[in-house]
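Novice: Just need the structure, nothing else, for what follows:
(2 chains)
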Amino acid sequence: MELSASESSLSCEGRGIIVTKNIVIRLIRVVTLLIGLSILTFSLIHLSPMDPINAYIGGDSSATPEQIEKLKVYWGLDKSPVEQYFSWAGALLQGDFGTSKLYRSPVIDIIQSRFITSLALMGTAWILSGVIGYLLGMTAAMNRGKLIDKIIKWYSFTLVSTPIFWMGLILLIVFAVWLKWFPVGLAVPAGVLESDVRFIDRIHHFVLPALTLSVLGVANVAMHTREKMIDTLNTEYIVFAKARGESKWEIFKNHGFRNSIIPAITLQFAYFGELFGGSMLAEQVFAYPGLGSTLTTAGLKGDLPLMVGIILISSLFVFAGNLIADILNKVVDPRMRREV
Amino acid sequence: MKDKETTIVKKRTLSYAAIVLSVLLLLSGCTTDSSELEDSSDPENPISIKEDLVLAVGKMDGGQFDPKKGWGMTQIRLTHSSLLTIDSDLNFIGDLAKSYKVSEDGLTWIFPLRDDAKFSNGEQVTGEDVKFTYEMLKEDGIKFDLTFINTIEVVEGNTVVITLNAPRSTFVSQLTEIGIVPKAHYDDHYSNNPIGSGPYKVVQYDDGQQVIMEYNPYWYGKEPQFKKLTFLLLAEDASLAAAKAGEADIVYVPPTFADQKVNGMTLRTYESIDSRGIMLPTVPSGGKGVTNGKEVDLGNDVTSDLAIRQALNVGLDRQKLLDVVLDGHGKKAYCLCDNMPWFNEESIVEDGNIEAAKKLLADGGWIDSDKDGIMEKNDRKAEFDMYFSSSDQLRSDLSLAVADQATAFGIKINTIGVTWDEIYLKGKTAAVAWGGGRHHPHQLYSMNSSLRMNQGIDNMSNYQNAKVDEYLKKALTASSQEEANKYWKLAQWDGETGFSGIGDAPIVWLLRVDHLYLANEKLNLGKQPVHTHGHEWALFGNVTEWTWG
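Specialist: Presented below is the predicted three-dimensional model:
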């Protein structure tokens, strides 16, 4: 008795060390990832012909060389790229993301206000596509070879090969232009003051972009769930369960759910990155002012601080997605806990 | 202000959280049917008198209402007023200034201000505000070149006196373009709360979405019929969709959309001075120049040959270009200033004349000796690159059409679509699809004077002609508009030389783009002056005259 107690406390400690080690490794990984990303962004911008001075003064300037020189000093563009990077990184360590050249206001404020809009959009799309995708995949697998399976398969294959902006445009034409059920764009009704915008108005403007984003995410989850479920259905224990007289529902509940949810979870959280890219296009199509459309503008106008800020925040977001997927997998599947 | 912002952000956070929650609720109820949401989609209650307009005229928020950021090329008349303005017959008349007087030597400009002009916050527009605005912009120097101003003084009788270092006839143009800002309320955050003295004030600016403007009750001019304007910041295709969905009263359309039919809307076509042409380097390759403060390579050995440039001017068929590129929605252009009071009509040529083009080339020593369809001179082929902004449909169509036509007289043009940044880097070594056109002749000077080489993106072709420089200088320093116009005309063509197509042709101007709008058939947009470069905004010069019915 005594022996086993001390043994278990030892293994407990051991596991604690492993978990801490894991967390430290992940932290190091995310920090190096962010440093690498920021260096990459900085260098890419310096290598590109994109010039923040051109973007700022535009095509209608008669600025003299002296005035341009003054502007460069004001923005710190007269220093070498390496110096620029270090002064930016130094400020960031103190929590200062810098000031957007385009909007002339702190980057963090802009990101904050846009992130809320994008988050609602992506969050809804994420939940919808996950749940619907899983249900569709499940239904298809349980009814393999039947008409419903064929329909779901056809639907998924079509969607997976559809560009998101095209889908957005189709929805726009059908629901906004022909049927006039939803507005053609923006996040709030035209000509209504911020204080007068009703909640229902926001929903009304929210539906089409959210729908566009979710419709496409469905296909991936559905097809992977279907495959995994079919694998499970082909195992001997399912045959045994059938032989014991378990119903379809019982098979799903007792064996199918836990086995098939793992790829769904992994995919769904890894899908964060794609979701981000998708929202960028959906926001463009619907003139929905989120993080994606801001990133596009920042990129086209050479607004380096804003661009790097958004890239860092979004990569943190994607990283968090993957991390959560890993952790959840271990929670759901006891086998993975042991493998660490 | 800060508190208000945070509560708005909080409110928004809450409502977005609520959206996500409600979606979750919908899901847990196992219904993804959105019919409940659709019921609420009915538009607002009908309005008896039309007092508000919804406009989708492009991404108009460049400059963000701040003259220092570039608000003021053509669009200021909504929110700001300036010392002078232009009437629909292109005369310079008083606006904030009751009138203006220029001294004999052209150095002193006197502006007695009107006493009833007020900003949208009710405060008087004073000479101090004018002085502040001009001095601030002169100091900044990016958007407006005011280096020629010596002093600005506010004298008795609510009058502003501006003295110049040298006479400057094109100063009138800046006087119409610079919106006056209030000295007491101007700072780096002016865009967030722009106070101006125009007919409308900005009540809400949702960046990337919309701008809401309301009538400024302190406006000193004619009261407009429309008390509220909502600008949707949509791209061209989304704007058209908004028009088709009946959500906008007036929409800017590019020529490619001109044949789109929308119920209850009619196409409005306005002639413009918004010109497009080909900028051609006039010096041989090898040198170095500066564009927007960056050192760049200079010159092109083919386009620097005068015969090549003149052949393009005569050989290209402008009418065919108009038909191909603009579906006919445009006019021919021969100079940057067609039909303006300073336009020299002698520069008009009979174009599309391939024989004349071939003769010009032959006289210049270009012959097709190896019979491959491309002319040669001293073993150099008549072949050069032409850059165009790849995000600009019109310029890319124009470039392709020009390249196609030029083969008929033995010139091979390789068209390359790139970003503007790249054009600025390489533009001095190759042809570029160029644009311009204003209600004033200053661009004639900035695009063709040798003094403007290497400044910003002025005189990209590095053109230099002593005679033309002399005329341009005389025009610029003339003390009256009539005298100035005489020299502007001579600079284009004096019978022997000039910068127009029949002269040295540093830029071969080809066509002017009609500005097209789809507008509700009931909307009357008044008498529009000829529009300028900078599409969307030329429309608003007479916004107070617009009516409905």
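Novice: so what's the residue nearest in space to the middle of chain A up against?
Specialist: Closest residue to the average C-alpha location of chain A: A:Phe272 at 2.8 Å, with Cα atoms, centre = their mean. When contacts are counted by Cβ atoms under 8 Å, 6 or more residues apart in numbering or on different chains, A:Phe272 touches A:Trp126, A:Phe317, A:Val318, A:Ala320, A:Gly321, A:Asn322. The C-beta positions use only the backbone N, C-alpha and C, and glycine is treated the same way.
Novice: State the pLDDT value of it.
Specialist: pLDDT for A:Phe272: 80.
Novice: again with B:Lys10
Specialist: 54.
Novice: Ok, B:Leu321 next?
Specialist: 95.
Novice: now B:Lys2
Specialist: pLDDT, B:Lys2: 45.
Novice: picking up where we left off before, can I have the buried ones of the contacts of A:Phe272 as a ChimeraX selection?
Specialist: Selection of buried members from the contacts of A:Phe272 for ChimeraX, criterion 16 or more other Cβ atoms under 10 Å in any protein chain shown:
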select /A:126,317,318,321
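Novice: Which members of the contacts of A:Phe272 are positioned in helices?
Specialist: Among the contacts of A:Phe272, the ones falling in helices (DSSP state H) are A:Trp126, A:Phe317, A:Val318, A:Ala320, A:Gly321, A:Asn322.
Novice: Can you name the element that comes right after the helix or strand bottoming out on mean pLDDT in chain B?
Specialist: Lowest on mean pLDDT, DSSP states H and E among the helices and strands of chain B sits helix B:35-38, with a mean of 36. For helix B:35-38, the succeeding helix or strand toward the C-terminus, using DSSP states H and E, is strand B:52-56.
Novice: Near chain A, which residues of the stretch 251-400 of chain B? Just list them.
Specialist: B:Val290, B:Asn292, B:Gly293, B:Lys294 (Cβ under 8 Å from any Cβ of the partner chain).
Novice: switch the cut-off to 6 Å
Specialist: Within the stretch 251-400 of chain B, the residues that sit near chain A (Cβ under 6 Å from any Cβ of the partner chain) are B:Asn292, B:Gly293.
Novice: just the helices in the stretch 251-400 of chain B please.
Specialist: Taking DSSP state H, counting those that start in this stretch as the test, the helices found in the stretch 251-400 of chain B are B:306-315, B:318-326, B:354-363, B:393-406.
Novice: Around residue 311, how many other residues sit close by?
Specialist: By default, I'm working from chain A. Look at A:Ile311: counted by other Cβ atoms under 10 Å in any protein chain shown, it has 18 neighbours.
Novice: oops, I was thinking of chain B
Specialist: For B:Ala311, using other Cβ under 10 Å, the count is 31.
Novice: Next one: it from B:Ile413, what distance?
Specialist: Using Cβ to Cβ, to the nearest Å, B:Ala311 is found at 12 Å from B:Ile413.
Novice: can you check B:Met375 too?
Specialist: For B:Met375 relative to B:Ile413 (Cβ to Cβ), the value is 12 Å.
Novice: just B:Gln481 next, same as before
Specialist: 39 Å.
Novice: Dump stretch A:208-225 to CSV, restricted to CA.
Specialist: Provided in CSV are the C-alpha atoms of stretch A:208-225 (Å, rounded to 0.1, in the frame of the first residue of the first chain):
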residue,chain,number,x,y,z
LEU,A,208,-24.6,37.3,-45.5
PRO,A,209,-20.9,37.6,-44.7
ALA,A,210,-21.2,35.1,-41.8
LEU,A,211,-23.1,32.7,-44.1
THR,A,212,-20.5,33.0,-46.8
LEU,A,213,-17.7,32.2,-44.4
SER,A,214,-19.5,29.3,-42.8
VAL,A,215,-20.8,27.7,-45.9
LEU,A,216,-17.3,27.0,-47.1
GLY,A,217,-15.9,25.7,-43.8
VAL,A,218,-18.6,23.0,-43.7
ALA,A,219,-17.2,21.0,-46.5
ASN,A,220,-13.8,20.2,-45.0
VAL,A,221,-15.1,19.1,-41.6
ALA,A,222,-17.9,17.1,-43.3
MET,A,223,-15.6,15.1,-45.5
HIS,A,224,-13.0,14.3,-42.9
THR,A,225,-15.7,13.3,-40.3
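Novice: And chain B, is that stretch touching that?
Specialist: No: contact between stretch A:208-225 and chain B is absent, the nearest approach being 7.8 Å (criterion: Cβ under 6 Å from any Cβ).
Novice: Doesn't B:Gln204 lie inside a strand?
Specialist: Yes: applying DSSP: H, G, I helix; E, B strand; the rest coil, one finds B:Gln204 inside a strand.
Novice: Relative to B:Asp89, how far out is it?
Specialist: Counting by Cβ to Cβ - B:Gln204 and B:Asp89 are separated by 36 Å.
Novice: what about the two, which has more around it?
Specialist: Taking other Cβ under 10 Å, B:Gln204 and B:Asp89 do not tie; B:Gln204 has more neighbours (17 against 10).
Novice: deepest of the helices of the stretch 251-400 of chain B, which one?
Specialist: Of the helices of the stretch 251-400 of chain B, the one with the most neighbours on average (mean count of other Cβ atoms under 10 Å in any protein chain shown) is helix B:306-315, at a mean of 24.
Novice: Which residues does that one contact?
Specialist: Outside helix B:306-315, the residues that touch it by Cβ atoms under 6 Å, 6 or more residues apart in numbering or on different chains are B:280, B:302, B:349, B:353-354, B:356-357, B:360-361, B:364, B:409, B:501, B:505, B:508.
Novice: mind checking how far B:Pro217 is from B:Lys201?
Specialist: 9 Å.
Novice: what about the closest residue to B:Ser391 other than its chain neighbours, how many neighbours?
Specialist: Closest residue to B:Ser391 apart from its sequence neighbours, by Cβ to Cβ, 6 or more residues apart in numbering or on different chains: B:Thr419 at 7.4 Å. Using other Cβ under 10 Å, B:Thr419 is surrounded by 18 other residues.
Novice: Could you give the backbone dihedrals for the residue in the stretch 251-400 of chain B that chain A sits nearest to?
Specialist: The nearest approach of the stretch 251-400 of chain B to chain A comes at B:Gly293, 3.4 Å away (Cβ to the nearest Cβ). The phi and psi values for B:Gly293, taken as degrees, to the nearest 10, are phi 80, psi 0.
Novice: check contacts around it.
Specialist: With Cβ under 6 Å, 6+ apart, B:Gly293 has these contacts: A:Pro65, A:Ile68.
Novice: Kindly report the same for the one 3 residues further on.
Specialist: Residues in contact with B:Val296 (Cβ under 6 Å, 6+ apart) are B:Gly289, B:Leu425, B:Lys428.
Novice: just A:Lys72 next, same as before
Specialist: Here A:Lys72 is in contact with A:Asp78 (criterion: Cβ under 6 Å, 6+ apart).
Novice: Dihedrals phi and psi, it?
Specialist: Per degrees, to the nearest 10, the backbone of A:Lys72 is at phi -60, psi -40.
Novice: Parallel or antiparallel, list what pairs with the helix or strand hosting B:Ile416.
Specialist: According to DSSP H and E, B:Ile416 maps onto strand B:412-418. Note on strand B:412-418: by DSSP bridges, its sheet partners are strand B:383-389 (parallel).
Novice: Can you list the neighbours in contact with the strand it pairs with?
Specialist: Contacts for strand B:383-389 (Cβ under 6 Å, 6+ apart): B:300, B:302-303, B:395-396, B:399, B:412-418, B:420, B:423, B:430-433.
Novice: Need the CA coordinates for that strand. CSV is fine.
Specialist: Extracted in CSV, the C-alpha atoms of strand B:383-389 (Å, rounded to 0.1, in the frame of the first residue of the first chain):
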residue,chain,number,x,y,z
GLU,B,383,10.5,49.0,-79.6
PHE,B,384,9.9,50.1,-76.0
ASP,B,385,8.2,49.1,-72.8
MET,B,386,5.0,50.8,-71.6
TYR,B,387,3.9,50.6,-67.9
PHE,B,388,0.4,50.9,-66.7
SER,B,389,-1.2,50.6,-63.3
